[in-house]
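Student: need a 3D model of the sequence below.
(chains A and B)
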Amino acid sequence: MLDIKFIRQNTEAAEAALKKRGEKWDLSEFRGIEAQARALLQDLEELRFQRNQASAEIARMKREGQDTAALMEKNRESGARVKELEAALEEKQALAQEILMGIPNLPHASVPVGADEKDNPVLRAVGEPTAFDFDPKPHWDTGKDLGILDLERAARITGSRFPLYFGAGAALERALISFMLDTHTREHGYKEVLPPFIVNRTSMTGTGQLPKFEQDLFKLEGLDYFLIPTAEVPVTNIHADEILDEEALPVCYTAYTPCFRSEAGSHGKDTRGLIRQHQFNKVELVKFCLPENSYAELESLLLNAEEILKRLKLPYRVITLCTGDLGFSSAKTYDIEVWMPSQGMYREISSCSNFEDFQARRAKIRFRRKGKKGTGLVHTLNGSGLAVGRTFAAILENFQQKDGTVTIPEVLRPHMGGMEALRP
RNA sequence: GGAGAGGUGGCCGAGCGGCUGAAGGCACCGCUCUCGAAAAGCGGCAUCCUGCCACAAGCGGGAUCGUGGGUUCAAAUCCCACCCUCUCCGCCA
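Tutor: Model (predicted):
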């Protein structure tokens, strides 16, 4: 959510920034509604002031044993008028709020201007695309041949786009989760959390999934609860409605959760394999920090995520999302893309974003500076560290051997009882 | 699922129709005292919105005692619904 005061005072700048995202916003209507709401508020407050004064007067007169009937009658009337104004105000405020909740975040000045994903510049590439002296198989074939992945049976259990791992495959998935969490907690200074996988509407609204993207979520029937599409939602909302001490910042959490996405509108895309599933595992990184530090924190969060790929020895590149490709809540996003040999291209495996105060304003996450009065909104950030299913796929593809075995990255072996390769 | 108790400021905790945005304590921040510290004393210390105004300071106003409604001239206090927490019983991974 953007700052109303900012919009009020910098309407054109806000519109220009939104235009960079490829969205046309005319905020004059919003300004008008918001101005009407404030005018109503002033009338209402004036009326309530008079009523409060009269009530105090009644109390004083009663104590002195005077007759208060006339004043009470007068206040009864203003009470009715207060209710009318309250209703009118609420209507205007709801309207303004609805518009405001639908406005995406403004891109940071450092975000390259562009129309879509084709305009995302590459920031750096690490490692070379894996070279093979044979035709590399896609991970779904390798997984099937090794007997560790069974997407057909998963479809029987649930439906399409659900995973089913067996044996060393299940162990590899679990090893990846452990390896990622251990690295982030022991070496990168994050605190591990294991949050609820189902959240309420308020939490979903706090991080920006709602109200706009309800069709992307799985909702529980008969309840206003949703399956989380990312750990970002429960973990960011840990501090909703809180005022954090300046000294406590930055607060850094890492969380493993399964993620559930309905993938509405992506029927034709990535129909095979682990790339696009309704359920997948992810280790997430989440930070709460002071506004002046958030861009430095974004860089370090990005490096923390990259470190996982470096240690797994998977080739990857980092791209900066251009203004047109930015997510709804984000002010700046880097995507990390891993090399997928069977597709001959890099595929997203992590997305690291600075939301500035956009989520903090919605979820009311604030901080207080030492010795100063008043509060400020923290900046929130998050990034995948990493998407586990896609990492699994990348390992199967990049480390496959001609004989059909897959070499297990060295850093994972301690998590897999010393196993060195996946064999049929 | 059944029975009961309760949700008040950063924390503990009083209030149970008006003078209570809220006693008292703890924590925290100033100051006094001290060579310094401790102790003691004095003072300060919720959030959000809003008007004047420079989105400052300051002054004024409104709202907020789990959430939403209701009663009343007036609600933290009374009534209703819902949510949550705790205790006991039942069931259960």
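Student: surely A:Asp323 and A:Glu23 touch.
Tutor: Wrong residue type there; residue A:323 is Thr, not Asp. No - the criterion here is Cβ atoms under 8 Å, and A:Thr323 misses it with A:Glu23 at 9.8 Å. To be clear about C-beta, it is placed using only N, CA and C from the backbone, and glycine gets the same treatment.
Student: and A:Lys282, what element?
Tutor: strand A:279-289 (DSSP states H and E).
Student: show me what contacts the closest residue in space to A:Thr11 that isn't next to it in sequence?
Tutor: Distances taken as Cβ to Cβ, 6 or more residues apart in numbering place A:Leu27 nearest to A:Thr11, at 5.2 Å, with adjacent residues excluded. Residues near A:Leu27 by Cβ atoms under 8 Å, 6 or more residues apart in numbering: A:Ile7, A:Thr11, A:Ala14, A:Glu15.
Student: rerun at 10 Å
Tutor: Contacts for A:Leu27 (Cβ atoms under 10 Å, 6 or more residues apart in numbering) come out as A:2, A:7-8, A:10-12, A:14-15, A:18, A:34, A:99-100, A:103.
Student: and A:Thr323 and A:Glu23? Which one has more around it.
Tutor: A:Thr323 (22 against 13; other Cβ atoms under 10 Å).
Student: nearest to RNA strand B within the stretch 201-350 of chain A, name that residue for me.
Tutor: A:Ile243 (6.2 Å; Cβ to the nearest atom of the strand).
Student: what comes up buried for whichever strand or helix holds that residue?
Tutor: Assigned by DSSP H and E, A:Ile243 falls within strand A:242-245. In terms of neighbour count (16 or more other Cβ atoms under 10 Å), strand A:242-245 has its buried residues at A:Leu244.
Student: so what does the helix or strand that comes right after it touch, helix or strand wise?
Tutor: Where DSSP H and E defines the elements, the next helix or strand beyond strand A:242-245 is strand A:251-260. Packing partners of strand A:251-260 (3 or more Cβ pairs under 10 Å, 6 or more residues apart in numbering; DSSP states H and E): helix A:167-186, strand A:191-193, strand A:225-227, helix A:232-236, strand A:279-289, helix A:294-312, strand A:379-387, helix A:388-398.
Student: what are the pairing partners of strand A:251-260, and which direction each?
Tutor: strand A:191-193 (parallel), strand A:279-289 (antiparallel) (DSSP bridges).
Student: turn those strands into CSV, columns for mean neighbour count.
Tutor: Listed next are these as CSV, based on neighbours: other Cβ atoms under 10 Å:
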stretch, mean neighbour count
strand A:191-193, 14
strand A:279-289, 25
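Student: just to revisit the earlier point, can you redo the helices and strands packed on strand A:251-260 as JSON lines with distance to A:Gly268 and mean pLDDT?
Tutor: Converted to JSON lines, these look like this (distance: least, Cβ to Cβ, whole Å; pLDDT from 0 to 100):
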{"stretch": "helix A:167-186", "distance to A:Gly268": "27", "mean pLDDT": "98"}
{"stretch": "strand A:191-193", "distance to A:Gly268": "36", "mean pLDDT": "94"}
{"stretch": "strand A:225-227", "distance to A:Gly268": "23", "mean pLDDT": "93"}
{"stretch": "helix A:232-236", "distance to A:Gly268": "27", "mean pLDDT": "96"}
{"stretch": "strand A:279-289", "distance to A:Gly268": "19", "mean pLDDT": "97"}
{"stretch": "helix A:294-312", "distance to A:Gly268": "28", "mean pLDDT": "98"}
{"stretch": "strand A:379-387", "distance to A:Gly268": "21", "mean pLDDT": "96"}
{"stretch": "helix A:388-398", "distance to A:Gly268": "19", "mean pLDDT": "98"}
